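Colleague: Please find the sequence and the predicted model below.
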Amino acid sequence: MRAKATWRGVRDDETGGIAAPERARRADLYGKMTVMHRIVVDAMGGDHAPDEIVQGAAEASLALTGSEIILVGDAGELGRLLPRMRHDGARVRVHHAPTFIEMDEKPAEALAAKPDSSIAIAADLIARGEGDALVSAGNTGASVLACARRWTLLQGVRRAALAAVFPTELRRGEKDDPFSLILDVGATIEATAEDLVGFAVMGSAYAKLVSQNRRPRVALLSNGTEAGKGPPSIVAAHAALVETTELNFIGNIEGLDIPRGVADVVVTSGFTGNVVLKMLEGVSETVVRLARYAHKERLTWRLGLIALSSAIDQLKAITDWQQYGGAPLLGFTTPFIKAHGRSNARAINNAIRVAHKMLAGNLCGNIARTMAELDERNHRRPRTHGDVASESGAGS
Amino acid sequence: MTRPSLLRRMSTLPNRIGQRIGLFDHIPDGLPPGATPPRHTFRWDLDKTYLRTEFDSLSDLVKSAVETAADKQAYPGATSLLRALRQDGHRICIVSGSPTQMRQVLAAKLALDGVDYDEFVLKNNLKNLLRGRFRSLRAQIPYKLPAMLQSRIGAAADAETLFGDDAEADAIIYCLYADLIADRVSLQDLERVLIASRAYDDDAIRILDLARRVPRHDAVNRLFIHLDRRSAPVGFRHYGPRLVPVFNYFQAALVLYADRVLSARQILFVALEMLDSKQYELGHLATSVQDVIRRGRITRETALLLAAEAHEAAKSGALSGRNDLPPFELIADAFRKRVQELGPISPAPIEPDAPLDYVRLVDEEHDHRRSRRRGGH
C-alpha cells in the first residue's frame, strides 16, 4: 500500500511540491517512474544487536537490489560495523537514533522515556512515509506498541494480529512449506467475531504470498470441530467465515490438529494464541531436555540417539524457524516483521526478504481488497443468526 | 627446444597476421620528443573495473570471449567519468589482463562508448603459452607492474590516479607502483616481492631495470578499488587513506570532486548515466553519498558544497531536457537529508599511510586465491 511510485527513489515526501498530475504527466511521457522498496530495520533491537542485525541487513542488501535498507540505530556504531561486512553501500543507509529499548524494559514506560529510541524512530520513519516496511528483533511489546501508536490500520481491519509459524507434519504450497501460520499470538488479547474474520483474511493473504500456497486452508481454533462449539465470538466468526468464498475455510479445529498441519492458517484470539504458542514451544523444549537426559542415562539410549542424529539434524533443518525470519504483524498499512529476539544474521536476512516479498506482492493491498469485498457482501446480505449471536454476546 | 623454435617461426609471420592472432606485444609509444608531459594520468583496469565481466567459471570465460562489443556492458557511470577526465585533457592509460586477441572487440567497445584513450595494453597470453610460461598466465604483478612502469617512462605525469577492482591483486599492484615511483620501495624490496609473486627470472630482471629507470615522484595520490565482489571495505583499510574502495562510480566521482579533479557539473553527468542504466535511483545515489561520508572519504562540508555547486550547474542547463527528474532543489534536499540522517557522529579516522609489507601481502593474496579456487568461486 505504501510502496508509492517514486521519482527514482526520491519519495513523495522528498519531492514535496510536485503536483500529482504533473508527476503522472511526466511518468506517462517517459515511463521512468520506478518503485524502490525501503525496508527499515531496528538495528539496536535483539539479543545479538547490533552486530548480527547489521550483518543480516548487509547480506540482504546484496540480494535485494531493488530495495534500500535503512538501519536505525547508533550511527557511530553502525558506521563502524558496516564496512566490516560485504554489502552494497548504495543500498544500505543509516539513520541515527541515540538510544534503544532493552529487551526486558516495560514497553509503555520505555517508549515514554525514550522517544528517540531506535524502534520509536523506525516506526516514525514509516509513519512519515519514509519507509515501506519494518523489521525488528527487539522488545516485542515496545515494537508492537510503537507501531500501533503511529501507524494506521488498513481499511476494514479493526485490530492488528501478530502471526507466528509452527512446524507441522503436513507440508503445504508450492514451496512444500512445513510451517502453518497461527494468528493472533498476542497483539489483540480479546478478539470479537469480526476481528477473527479479519485475522482469517490477513492470515490467508500472507500464506498465499509467503508460502506460495494458492488456496490455504483456514480454520478457527476451538474446543471442538462442530460449528456450534466454542465461545460466542468463535461461533459467530464460524458463521461469517462459512459464507465467504474468498477464503478456503475448513471449519473449526482442535489443539491437537495444529501440529498435524490440518490447517494452513489457524485463527484464534491473542490470548489463546499466545498460550498455545508458548505451550508448543515448551513441549519442544521438554522433548529436547528428555533427549539430553536419555543421552546421559544409558549407553544404549545414547547409541540410539547417535543413530538418529542425522535424521534429527534433517528435522531441525526442515523446521528451522530462522528461514521464516520472524512473525508478521498484520493489519497495518505497512508490513512489520517481528523477528525473534535471538535472531542471528541469517534470520534477519530472511526477515528482510519476507518484508520485501510482502511489499513486492502488495500483501497489504490484497488484505484491504479482500476486506472491502467482505464488507460489501455483508452490507448486501440479510442479517443471520451469527450476526445476532455476535452482537448479543450469546453462544450456543 | 621446440617451443622457442615455434615461437620464432610464428614471429616471422606477416605483421598483420601476427597482430590479428595477438602474438605481438603492444608497447605504448610514449610521448613524442619535445611534447609537454601530461598533468594527470588516469590508469584503468578494464575487466570488473570498467567492464562488467564474469570470468569465475569456464563458461564465463567462453561467454566473455565470444561476446561482441555491443554485448559488453560498462559499469554505470564509468563511461561518463572516463569521458569527463578525457575532456579535461588528462591522459588515459588502460592496462588490462584480457588477452591480446580481445583487442579488436574491446577497442570497438570503447569506441562505441565514446571513450578515447592514449594507451591500451593487453596481456599476451598466447606468447606465454607458446613459451611454456604457465605461471605467467595468471600472474598479475609481473604483468601489470612493468606495463605501468613502461608507460610512466614514456610519459611521466605529476599526478596519477589508478582504478582497479577487488577481484585480483589490483590494490597490491597499484600501491606497489605508487610506492615504487615515490621511492618508498627500494629495488631490493622489489626483488623480494617479485620472488614472492613467482615472476620468471628474465621478467624480474626486466621489471627491476624498468624500476631503475622510471621517473621518481610521489605522483599517485588516489587509488580507487571498485568493489565488484562487494568485498568488505575494511579489508582495504591498511592501504591507507589514498586507496578508496567504491561501490559505484558516483562515489569515485565524489572523491575526485573532493580532490578538485572533477567539477560538480561533471558529477551530474556521471549521476545521469547511472540513473539511465536503470540500476540506480536517486535514492541509491543519495545513499552512496552517505556511505562515503560515513567511511570518512569525503566530509559533510564537501557534500553540501557539491549540492550548492551542482545547483548552479543544473541552473546553467546541465539537466536541460531531463523532464523525468524532479526539480533539482528537491533532489538536493533529498541528498542533504541523507547527510543529516547521520546525526552528530563523526567518522572513524582512517589510519595514515604506513609502510606496507608487500611480500606478506603477495603471499596472502596467493593463499586467498588458492582458497577461492578450492571453494569454487
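Modeller: Looks like it arrived, so ask away.
Colleague: and the residue in the stretch 151-300 of chain A that chain B sits nearest to, how many neighbours does it have?
Modeller: Nearest to chain B, among the residues of the stretch 151-300 of chain A, is A:W151, at 20.7 Å (C-beta to the nearest C-beta). Using the backbone N, CA and C atoms, a C-beta is placed for each residue, glycine as well. A count of neighbours around A:W151, defined by other C-beta atoms under 10 Å in any protein chain shown, yields 20.
Colleague: need the contact list for it.
Modeller: A:W151 makes contacts with A:A123, A:I126, A:A127, A:F332, A:T333, A:T334, as judged by C-beta atoms under 8 Å, 6 or more residues apart in numbering or on different chains.
Colleague: Show the residue spans covered by the helices in the stretch 51-200 of chain B.
Modeller: Ranges of helices in the stretch 51-200 of chain B, per DSSP state H, counting those that start in this stretch, are B:58-66, B:78-87, B:103-112, B:125-130, B:134-138, B:141-154, B:170-181, B:187-196.
Colleague: Can you name the two of the contacts of A:W151 that sit furthest apart?
Modeller: A:A123 and A:T333 (12.6 Å; C-beta to C-beta).
Colleague: what residues does the top helix by length along chain B touch?
Modeller: In chain B, taking DSSP state H as the definition, the longest helix is helix B:358-374. Contact partners of helix B:358-374, identified using C-beta under 8 Å, 6+ apart, comprise B:I141, B:A169, B:I172, B:C175, B:L176, B:V185, B:D189, B:R192, B:V193, B:A196, B:S197.
Colleague: Same check on stretch A:240-247?
Modeller: Outside stretch A:240-247, the residues that reach it (C-beta under 8 Å, 6+ apart) are A:193-194, A:197, A:200-201, A:204, A:218, A:220, A:227, A:249, A:251, A:370, A:373-374, A:377-378, A:381, A:384, A:386, A:390.
Colleague: Can you tell me which of those are buried?
Modeller: A:193-194, A:197, A:200-201, A:204, A:218, A:220, A:227, A:249, A:251, A:370, A:374, A:386, A:390 (16 or more other C-beta atoms under 10 Å in any protein chain shown).
Colleague: Select from those residues every entry located in helices.
Modeller: Cross-referencing the buried ones among the contacts of stretch A:240-247 against helices under DSSP H gives A:A193, A:E194, A:V197, A:A200, A:V201, A:S204, A:T370, A:L374, A:G386, A:S390.
Colleague: Tell me the strands beside the longest strand seen in chain B, with direction?
Modeller: Ranked by number of residues, the top strand in chain B under DSSP state E is strand B:91-99. For strand B:91-99, the paired strands and their directions (DSSP bridges) read strand B:40-44 (parallel), strand B:119-123 (parallel).
Colleague: so where's the stretch 51-200 of chain B shaky on pLDDT?
Modeller: Along the stretch 51-200 of chain B, segments meeting pLDDT under 70 span B:56-57.
Colleague: same question, chain A
Modeller: For chain A (pLDDT under 70), the answer is A:1-35, A:311-325, A:380-396.
Colleague: Next: the stretch 251-377 of chain B.
Modeller: In the stretch 251-377 of chain B, residues with pLDDT under 70: B:352-353, B:373-377.
Colleague: mind listing what the closest residue to chain B within the stretch 251-396 of chain A touches?
Modeller: Residue of the stretch 251-396 of chain A nearest chain B, by C-beta to the nearest C-beta: A:A345 (13.7 Å). Applying C-beta under 8 Å, 6+ apart to A:A345 gives the contacts A:E52, A:I53, A:Q55, A:G56, A:E59.
Colleague: Leaving out chain neighbours, which residue sits closest to it?
Modeller: Counting by C-beta to C-beta, 6 or more residues apart in numbering or on different chains, the nearest residue to A:A345 once its immediate chain neighbours are dropped is A:Q55, at 3.7 Å.
Colleague: Can you tell me the SS state at the nearest residue to A:E373 once chain neighbours are set aside?
Modeller: Nearest residue to A:E373 in three dimensions, chain neighbours excluded: A:E246, at 6.1 Å (C-beta to C-beta, 6+ apart). For A:E246, the assignment made with DSSP: H, G, I helix; E, B strand; the rest coil gives coil.
Colleague: How much space separates A:E246 from A:K208?
Modeller: Using C-beta to C-beta, to the nearest Å, A:E246 is found at 11 Å from A:K208.
Colleague: do the same with B:K72
Modeller: To A:K208, B:K72 is 42 Å away according to C-beta to C-beta.
Colleague: same question, B:R152
Modeller: B:R152 sits 63 Å away from A:K208, going by C-beta to C-beta.
Colleague: same check, this time on B:L61
Modeller: B:L61 is 43 Å from A:K208, by C-beta to C-beta.
Colleague: How about A:S343?
Modeller: For A:S343 relative to A:K208 (C-beta to C-beta), the value is 25 Å.
Colleague: In terms of packing, which of the two has more residues around it?
Modeller: A:S343 (29 against 20).
Colleague: Report the separation between the closest residue to the more buried one other than its chain neighbours and A:A327.
Modeller: Among residues not flanking A:S343 along the chain, A:A137 sits closest, at 4.2 Å (C-beta to C-beta, 6+ apart). As judged by C-beta to C-beta, A:A137 and A:A327 stand 11 Å apart.
Colleague: Now the common contact residues for the two.
Modeller: With C-beta under 8 Å, 6+ apart as the test, A:A137 and A:A327 both reach A:K338, A:A339.
Colleague: check contacts around the residue nearest the centre of chain B.
Modeller: Of all residues in chain B, the one closest to the mean position by C-alpha atoms, centre = their mean is B:F163, 2.1 Å from it. Residues near B:F163 by C-beta under 8 Å, 6+ apart: B:F42, B:R43, B:W44, B:D45, B:T49, B:Y50, B:L223, B:F224, B:H226, B:A252.
Colleague: thinking again about what came up before, for A:A123 and A:T333, indicate the residue with more neighbours.
Modeller: Per other C-beta under 10 Å, whichever of A:A123 and A:T333 has more neighbours is A:A123, with 30 against 19.
Colleague: Need the three-state assignment for that one.
Modeller: helix.
Colleague: Now do the contacts for it.
Modeller: Contacts here follow C-beta under 8 Å, 6+ apart; on that basis A:A123 touches A:L134, A:S143, A:A146, A:C147, A:R149, A:R150, A:W151.
Colleague: Columns secondary structure on top of the residues you listed, output as CSV?
Modeller: Output for the contacts of A:A123, formatted as CSV (three-state DSSP):
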residue, secondary structure
A:L134, strand
A:S143, helix
A:A146, helix
A:C147, helix
A:R149, helix
A:R150, helix
A:W151, coil
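Colleague: Any quick PyMOL command for the buried ones out of the contacts of A:A345?
Modeller: Those of the contacts of A:A345 that count as buried under 16+ other C-beta under 10 Å are selected in PyMOL with:
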select buried, chain A and resi 52+53+55+56+59
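Colleague: Can you tell me which of the contacts of A:A345 lies closest to B:R242?
Modeller: When those are ranked by distance to B:R242 (C-beta to C-beta), A:Q55 comes first, at 28.8 Å.
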